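> A predicted structure for the sequence below; I have some questions about it.
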Number of protein chains: 2
Amino acid sequence: MRRHYITIKDIARELDISVSTVSRALRDAYDVNPKTREKVLAKAMELHYKPNFNAIGLVQSQTHHIGVLMPAITNYYFSTVFTGIEQVANAHGYNLIVFITNDSAEREQAILNDLSQSSLDGLLVSVSSRADSQAHFEELIRNGIPVVFFDRVADAVLTSKVMQDDYHGAFEATQHLIDQGYRRIAHLAGPAGLTFTQKRRKGYEDALENSGLSVQSDWIIHSGFSQECGFDDVTQLWKLAEKPDALFAVNDRKAIGAMLALKERNIRIGKEVGVIGFTNDPMAQIISPTLTTVAEPAFDIGKLSCELLLKHISRKNFEAQDVILPARLIVRESTRR
Amino acid sequence: MRRHYITIKDIARELDISVSTVSRALRDAYDVNPKTREKVLAKAMELHYKPNFNAIGLVQSQTHHIGVLMPAITNYYFSTVFTGIEQVANAHGYNLIVFITNDSAEREQAILNDLSQSSLDGLLVSVSSRADSQAHFEELIRNGIPVVFFDRVADAVLTSKVMQDDYHGAFEATQHLIDQGYRRIAHLAGPAGLTFTQKRRKGYEDALENSGLSVQSDWIIHSGFSQECGFDDVTQLWKLAEKPDALFAVNDRKAIGAMLALKERNIRIGKEVGVIGFTNDPMAQIISPTLTTVAEPAFDIGKLSCELLLKHISRKNFEAQDVILPARLIVRESTRR
DNA sequence: TTGCTTTTCGGTAACGTTCTCGCTACTTTA
DNA sequence: TAAAGTAGCGAGAACGTTACCGAAAAGCAA
């Protein structure tokens, strides 16, 4: 198990200088002779020296590791956010440690519990649907590990949060349906506990009321995010006496599930029933008819979250701030009459 | 920057015993009194003690970190493989550090170059299209960091590799097209340098020859993996005097791009031109007509790769082995006449 | 030359663990 | 009862690096 690597001691011995000098030369401190530094650098290259991050981390009590805790990575949104995170983390010399909760509350708690404060400089989080891990996050922050939330935020925790404009996105989506002449608009909502499902629902309800349309509770169904959920929601809605003539889904996968259910009933999407999603998953352009949606700036959310986290890491007492990025309506065939 | 955490010294002092005993109690070594251990465990819980992985890693020269190096994570295949990896890594107490190359040779080299042997116990790799990083991998292995390849393997490096049965999958796909009566079968191949594009091409060619059909070089186009590439390939093919009546694409995204191009030309997919992909991306079931494809066992590839790597890590001199998982033909509408 | 500042370097303690060795006190064996 | 074994614990070194402090060497002004 034990391996021996090249250390700064080896370099020091070969050059007949002290480890202190080698150490300083390597991270070019001011008080080292340029010539000495050259020699050290050359020797380090020659011996294929690589720093030992455990030792550095131990003495500096920092690791250059950032944790990323998310419900999943197998979907467009999260994988794109992650790519954004990766880009800035990498540019700043930070490594990413990924934790996937599979949207399980137990899993999230377990991960947070095992999390040693010594292994992470900061944490980026999108919470799972049900877990209340607030205490865990607060303990981390208290111990000096900054936490930044993205997308699925824990409202009560006092720290920075990055999200898209869920309320206005939902408002615009609903308004668009109204503008297209749809009047009986249902909402396929997400899990009730999540902040953004509440915001999107509020945007939907406000848009309806703003146009003098009433909010009907049996046209609002809360369920999961999957395609199957969307399918099932339509099945449920179509048992109603008065059926909707438009659907606003909390995300694209669900909208697509709904479309498949409508297709099965030979309902002409767009003409008879309008459908609109949220995310702008590439699938939205693949399905036929193409899906109108509200585009989320996933990549930028990742970038910004990571940048904010890095600020929290470098400057302690960096003030927590909420960032809300605009969401953009993209009109396609599924809402064209 | 400096933070103070609870250490085993704190526990030792409070309990008035030595750090050695606390250390042994915590990782339940055999030579510690059960009563002492209980006291230590209770105190550790009370003080919210969390081990310092830098210190442990330093003394044991291992980190419990596994690196995952991939071209991308924003697609079905890689994100699913990753989920498989995550599952077994987590079950064994290993953390995952993710590196995304964006299929850039420079990026891959840079990452490999920065990679300190001290920060990783092992590495899981899917190489980028063009980079020849063979020397880097061999240096890692020589330094005692096991490497396991998945999907996009570096043939020349002597270590374990996990992949799907590209050859037979491609053979079966092509055979299926032939069975359906298509005769002028083109192949939208991947980047030429990759092992699996060569295998899939070989499977395609052998199936043709096996049925007495000739291989036409202008019906084989090598390009990237994106949807746009598939679209462009069709554009190029349809300039030919003799146009194909079926397309075998190296992956689903490319097949979908091709379908879009065919749709633009009002060509009836299936009836006039058959299309088959590779992967079984969820999109294949969303697009219309639904896409026939060869399903890759992405999740299992992730699981197995990680399990193999763990074996390499724990038992040194564990013999390298190649694992080839079966690929499965899934017939849908795009090849139905 | 003397005295002072600046540059450059070395010695040593720390960081939080594990590991190896050895010691004590108790138990077993003959 | 003596010898031998065993259970339980502690002391101290080690892992590779940085941080801190002080000292030597070099430069400079008078």
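Arrived safely.
> how about the strands in the stretch 101-250 of chain A?
A:122-125, A:147-150, A:161-164, A:185-189, A:220-222, A:246-249 (DSSP state E, counting those that start in this stretch).
> Okay, now the unreliable bits of the stretch 1-150 of chain A?
For the stretch 1-150 of chain A, the stretches with pLDDT under 70 are A:1-4, A:28.
> all helices of it, in order?
Counting by DSSP state H, counting those that start in this stretch, one finds helices in the stretch 1-150 of chain A at the ranges A:8-15, A:19-26, A:34-47, A:53-60, A:76-91, A:105-114, A:134-142.
> deepest of those, which one?
Comparing these by mean neighbour count (mean count of other C-beta atoms under 10 Å in any protein chain shown), helix A:76-91 comes out on top with a mean of 22. All C-beta spots, glycine's among them, are computed from the backbone N, C-alpha and C.
> contact partners of that helix?
A:66, A:68, A:70-73, A:95-96, A:98, A:124, A:126, A:150-151, A:251-252, A:279, A:281-283, A:296, A:298-307, A:310, B:72-75, B:79, B:98-100 (C-beta atoms under 8 Å, 6 or more residues apart in numbering or on different chains).
> Return the distance of that helix from the chain's centre.
Helix A:76-91 sits 9 Å away from the centroid of its parent chain (C-alpha atoms, centre = their mean, to the nearest Å).
> for stretch A:48-60, same thing?
Offset of stretch A:48-60 from its chain centre (C-alpha atoms, centre = their mean): 30 Å.
> Output that stretch as CSV, nothing but the C-alphas.
Output in CSV follows, covering the C-alpha atoms of stretch A:48-60 (Å, rounded to 0.1, in the frame of the first residue of the first chain):
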residue,chain,number,x,y,z
HIS,A,48,9.0,14.5,-12.0
TYR,A,49,8.2,16.0,-8.7
LYS,A,50,4.5,16.4,-7.9
PRO,A,51,3.4,18.1,-4.7
ASN,A,52,1.7,16.1,-2.0
PHE,A,53,-1.7,17.6,-1.5
ASN,A,54,-2.3,15.8,1.8
ALA,A,55,0.7,17.4,3.3
ILE,A,56,-0.1,20.8,2.0
GLY,A,57,-3.7,20.4,3.0
LEU,A,58,-2.7,19.3,6.4
VAL,A,59,-0.5,22.3,7.1
GLN,A,60,-2.7,24.9,5.5
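> Compare the helices of the stretch 1-150 of chain A and give me the one nearest B:Asp232.
helix A:76-91 (22.7 Å; C-beta to C-beta).
> Kindly export that closest one (C-alpha atoms) in CSV.
Listed next in CSV are the C-alpha coordinates belonging to helix A:76-91 (Å, rounded to 0.1, in the frame of the first residue of the first chain):
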residue,chain,number,x,y,z
TYR,A,76,-29.7,17.9,-19.1
TYR,A,77,-30.1,20.5,-16.4
PHE,A,78,-27.8,19.1,-13.7
SER,A,79,-25.2,17.9,-16.1
THR,A,80,-25.0,21.3,-17.7
VAL,A,81,-24.9,23.1,-14.4
PHE,A,82,-22.1,20.8,-13.5
THR,A,83,-20.2,21.5,-16.6
GLY,A,84,-20.4,25.2,-15.7
ILE,A,85,-19.1,24.5,-12.2
GLU,A,86,-16.3,22.4,-13.6
GLN,A,87,-15.1,25.1,-15.9
VAL,A,88,-14.6,27.7,-13.2
ALA,A,89,-13.4,25.3,-10.6
ASN,A,90,-10.7,24.0,-13.0
ALA,A,91,-9.7,27.5,-14.0
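> near DNA strand C, which residues of chain A show up?
For chain A, the residues in contact with DNA strand C (C-beta under 7 Å from any atom of the strand) are A:16-21, A:24, A:31-36, A:55, A:58-59, A:61, A:118.
> make it 10 Å
By C-beta under 10 Å from any atom of the strand, the residues of chain A that approach DNA strand C are A:1-2, A:12, A:15-25, A:29-37, A:39-40, A:54-61, A:116-118.
> restrict these to those near DNA strand D?
Subset of those in contact with DNA strand D: A:2, A:12, A:18-25, A:29, A:31, A:33, A:54-61, counting by C-beta under 10 Å from any atom of the strand.
> quick one: A:Ile178 and A:Glu209 touch, right?
No. A:Ile178 lies out of contact with A:Glu209 (C-beta atoms under 8 Å); the separation is 11.1 Å.
> hmm, back to that, could the strands of the stretch 101-250 of chain A be laid out in TSV, adding distance to B:Glu139?
Below are those laid out as TSV (distance: least, C-beta to C-beta, whole Å):
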stretch	distance to B:Glu139
strand A:122-125	31
strand A:147-150	36
strand A:161-164	39
strand A:185-189	53
strand A:220-222	54
strand A:246-249	50
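> Redo those as a markdown table? Include distance to A:Tyr49 and mean neighbour count.
A markdown table is the format used below for the strands of the stretch 101-250 of chain A (distance: least, C-beta to C-beta, whole Å; neighbours: other C-beta atoms under 10 Å in any protein chain shown):
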| stretch | distance to A:Tyr49 | mean neighbour count |
| --- | --- | --- |
| strand A:122-125 | 28 | 26 |
| strand A:147-150 | 34 | 26 |
| strand A:161-164 | 38 | 26 |
| strand A:185-189 | 56 | 26 |
| strand A:220-222 | 57 | 18 |
| strand A:246-249 | 55 | 30 |
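> can you redo those strands as CSV with distance to chain B?
Shown next, in CSV, are the strands of the stretch 101-250 of chain A (distance: least, C-beta to the nearest C-beta, whole Å):
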stretch, distance to chain B
strand A:122-125, 12
strand A:147-150, 15
strand A:161-164, 18
strand A:185-189, 17
strand A:220-222, 22
strand A:246-249, 15
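> For the stretch 151-300 of chain A, which residues are neighbours of chain B?
A:Gln227, A:Ile256, A:Pro282, A:Met283, A:Ile286, A:Ile287, A:Ser288 (C-beta under 8 Å from any C-beta of the partner chain).
> Please narrow the residues you listed to those residing in helices.
Secondary structure from DSSP state H places A:Gln227, A:Ile256, A:Met283, A:Ile286 of these in helices.
> burial of the last one, as a residue count?
Using other C-beta atoms under 10 Å in any protein chain shown, the number of residues around A:Ile286 comes to 23.
> if I read this right, it contacts B:Pro282, doesn't it?
No. With contact defined as C-beta under 8 Å, A:Ile286 does not reach B:Pro282; the gap is 10.1 Å.
> Please give me every residue in contact with A:Asp322.
Contacts of A:Asp322 by C-beta under 8 Å, 6+ apart are A:Ser160, A:Lys161, A:Val162, A:Met163.
> in the sheet, who's paired with it?
Beta-bridge pairing for A:Asp322 (DSSP bridges): A:Lys161.
> Tell me how far it lies from B:Gln227.
36 Å (C-beta to C-beta, to the nearest Å).
> Check A:Gln164 too.
Distance, A:Gln164 to B:Gln227, using C-beta to C-beta: 25 Å.
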